[in-house]
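Visitor: Got a predicted model here, sequence first, then my questions.
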Amino acid sequence: MGITKLSDLIRSSAPGAVSYKDISDYTGKVVALDTSVVLHQFRAATPSLSPITGLFFRTLKFLEHDIKPVFVFDGTPPKEKTPVLERRAEAAGWSFKPPGIASSRTRSCLELLKHLGVPVIQAPADAEAMCARLVRDGTADAVASEDMDTLPFGANVLIRQLNAKRDSEVVEYSLPKLLNNLQISHEELVDLCILLGCDYCDKIPGLGPKRALSLIQNHHTIENVVLHINRQTHPVPHFWKYKEARKIFLEAPQTTVAELIWTEPDEEALVRFLCHVNHVREERVRHRMKTFRDSREIRRAGREKEKTAGSHRQSRMEDFFRVTRKREQALEADSSLDETKKKRR
């Protein structure tokens, strides 16, 4: 679910925190991805396609653009999130499985990403919290996720719609600009997100986004907000665990992250895994790997050409100004000579 209507509120109340970019703008950047969100996208968009196959194609598209993806896997979610996970599983027709041994799908994802040469991280709790920490620590440049949770978790840059489709517009959210535009602190943003509705506790019924923002801007904390609302029209939930939710956002579990290393994809290992284990046609995998290599080389050559051309253009501009200065000096000399001649006359 993420944060209810947070993206709508940002677009209307803090448009300066949003920018629109192209996937190529993230070339050379380290991007952290919540693996469960990526897999959920594939299941929802292409139910007939295995999420493992979708992950293969998506990751290669990132690598084509020389984006450095790092996939983060969920650990044990906070107990406060269990009701939400149960509802999601029921709505999707799945049986809810409490945290425990990694599922076969998770093991398959890990093996696939290993063959693709992409690093993975096991989060101690929610993956989005770990993704946000990677950005705060400077290990990653941005988080790519459709969930808005990473903003209250403290990610300075959130990317949405990084789906690698042709002509697709990538939406980037800046946390520092958001806080500045709304004139609130990070702690106040967390309380705002709890009022809007998050995965870790109930919300106050009937409290819309604009009203919630106004209350936080004026009263700063949930404790003060509760004192300034009509408890008849906006009843506060019984045993409301907003303090627990606030703690989850502000005090995410810490873990040591090993050095992130990217290596070249192992085509033969990918063929064995995807074709012999997951029954993808070999010619399809071979063709995609060739397309990946060709496309990456073309893009790299294009960037190098642009870089060289830019350097040449700069040199020519400098030459132009040098010539111009010489011409100005020549004109001044000619002018002085003319004046001298006039005086002699």
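Guide: Yep, that arrived.
Visitor: what about residue 80, how many residues close to it?
Guide: Residue 80 sits with 16 neighbouring residues when counted by other Cβ atoms under 10 Å. Every residue, glycine included, has its C-beta placed from N, CA and C.
Visitor: same thing with residue 77?
Guide: 20.
Visitor: isn't it right up against residue 123?
Guide: No: in this structure, residue 77 is not within contact of residue 123 by Cβ atoms under 8 Å, at 9.6 Å.
Visitor: So which residue is dead centre in the protein?
Guide: Central residue of the chain (Cα atoms, centre = their mean): residue 144, 2.2 Å from the mean position.
Visitor: Assumed residue 172 was part of a strand.
Guide: Yes: Residue 172 sits within a strand when classified using DSSP: H, G, I helix; E, B strand; the rest coil.
Visitor: Can you say which helix or strand has the nearest residue to it once chain neighbours are set aside in it?
Guide: Distances taken as Cβ to Cβ, 6 or more residues apart in numbering put residue 19 closest to residue 172, at 4.8 Å, once the chain neighbours are dropped. Applying DSSP states H and E as the criterion places residue 19 in strand 18-21.
Visitor: What is the burial count for residue 255?
Guide: 13.
Visitor: give me phi/psi at it?
Guide: The phi/psi pair for residue 255 (degrees, to the nearest 10) reads phi -150, psi 150.
Visitor: residue contacts, it?
Guide: 123-124, 130 (Cβ atoms under 8 Å, 6 or more residues apart in numbering).
Visitor: what's the distance between it and residue 242?
Guide: For residue 255, the distance to residue 242 (Cβ to Cβ, to the nearest Å) stands at 26 Å.
Visitor: swap in residue 127?
Guide: 23 Å.
Visitor: So which of those two has more stuff around it?
Guide: The neighbour comparison of residue 127 against residue 242 (other Cβ under 10 Å) goes to residue 127, with 27 against 22.
Visitor: mind checking how far that one is from residue 35?
Guide: 6 Å.
Visitor: shared neighbours of those two, anything?
Guide: With Cβ under 8 Å, 6+ apart, residue 127 and residue 35 have common neighbours 72-74.
Visitor: Which one of the residues you listed is nearest to residue 274?
Guide: For these, the closest approach to residue 274 (Cβ to Cβ) belongs to residue 73, at 19.9 Å.
Visitor: What is the neighbour count of that closest one?
Guide: 18.
Visitor: hang on, the earlier thing: in the strand holding residue 19, which residues are buried?
Guide: residue 18 (16 or more other Cβ atoms under 10 Å).
Visitor: Report the strands that pair with it, each with its relative direction.
Guide: strand 170-174 (antiparallel) (DSSP bridges).
Visitor: Low-confidence stretches in the chain?
Guide: Scanning the chain for pLDDT under 70 picks out 1, 82, 84-102, 164-167, 311-345.
Visitor: For it, which segments count as strands?
Guide: 18-21, 30-34, 68-73, 120-122, 142-144, 157-160, 170-174 (DSSP state E).
Visitor: So which elements touch the fifth one?
Guide: The contact analysis (3 or more Cβ pairs under 8 Å, 6 or more residues apart in numbering; DSSP states H and E) places strand 142-144 against strand 30-34, helix 127-136, strand 157-160.
Visitor: Which residues are in contact with the residue nearest to residue 172?
Guide: 171-172, 174.
Visitor: Just the closest of these to residue 299, please.
Guide: Looking across these and measuring by Cβ to Cβ, the closest to residue 299 is residue 172, at 20.6 Å.
Visitor: how near is the closest one to residue 162?
Guide: Where residue 162 is concerned, residue 172 sits at a distance of 9 Å (Cβ to Cβ).
Visitor: More neighbours: which of those two?
Guide: The neighbour comparison of residue 172 against residue 162 (other Cβ under 10 Å) goes to residue 162, with 26 against 19.
Visitor: doesn't residue 23 make contact with the more buried one?
Guide: Yes: using Cβ under 8 Å, residue 162 is in contact with residue 23, at 6.4 Å.
Visitor: Can you pull the residues that touch both of those two?
Guide: residue 170.
Visitor: Dump the helices and strands packed on strand 142-144 into CSV; add distance to residue 190 as well.
Guide: Shown next, in CSV, are the helices and strands packed on strand 142-144 (distance: least, Cβ to Cβ, whole Å):
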stretch, distance to residue 190
strand 30-34, 19
helix 127-136, 12
strand 157-160, 15
